[in-house]
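Visitor: Predicted model and sequence below, questions to follow.
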Amino acid sequence: MYRFLLILGLLVILYFLLRRAFRGFKNSNWGDRGASVDQDQMVQDPVCQTFVPRRIAVTEKIGGQTYCFCSRQCAAKFQSQQAG
């Protein structure tokens, strides 16, 4: 009888430990990998051909299309090229 209660108690403890561990994975960035991959994707500047991570790129919507640039200077140069 005591063995049964001891095993049952250990299984309950194991259940709560595993539940806490899976909640930790669910709430971490590892569980939300899709969003961070998008932000870490490298994009190429159309002016100077430099690659920059999407999360730090300067984005401009020009002519209905979104472009990513390495700096504001490249964005301004691209806009002047499109206008001229």
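Guide: Here it is on my side, so go on. All of these numbers come straight from a predicted model, not from anything done at the bench.
Visitor: could you give me the average pLDDT of stretch 54-71?
Guide: Stretch 54-71 comes out with an average pLDDT of 91.
Visitor: Domain parsing of the protein, as residue ranges.
Guide: With automatic domain parsing as the criterion, the domains of the chain are listed as 1-31, 42-84.
Visitor: for the longest one, the distance to its chain's centre please.
Guide: If I follow you right, that is domain 42-84. 21 Å (Cα atoms, centre = their mean, to the nearest Å).
Visitor: Kindly check the end-to-end length of that domain for me.
Guide: Distance between the two ends of domain 42-84: 29 Å, counting by Cα to Cα, to the nearest Å.
Visitor: Where among the domains of the chain is average confidence lowest?
Guide: Here the domains of the chain differ in mean pLDDT, and the lowest is domain 1-31 at a mean of 82.
Visitor: Distance from the chain centre to it, please.
Guide: Average the C-alpha atoms of domain 1-31, do the same for its chain, and the two points are 29 Å apart (Cα atoms, centre = their mean).
Visitor: And that domain, what's buried?
Guide: For domain 1-31, the neighbour count (16 or more other Cβ atoms under 10 Å) marks no residue as buried. Every C-beta, even on glycine, is put in place using the N, C-alpha and C of the backbone.
Visitor: State the distance from the nearest residue to residue 41 once chain neighbours are set aside to residue 21.
Guide: In space, residue 41 comes closest to residue 54 once its chain neighbours are excluded; the distance is 4.9 Å by Cβ to Cβ, 6 or more residues apart in numbering. As defined by Cβ to Cβ, to the nearest Å, residue 54 lies at a distance of 32 Å from residue 21.
Visitor: same thing with residue 65?
Guide: 44 Å.
Visitor: just residue 64 next, same as before
Guide: Between residue 64 and residue 21 the computed distance is 47 Å (Cβ to Cβ).
Visitor: same thing with residue 76?
Guide: Residue 76 sits 50 Å away from residue 21, taking Cβ to Cβ as the criterion.
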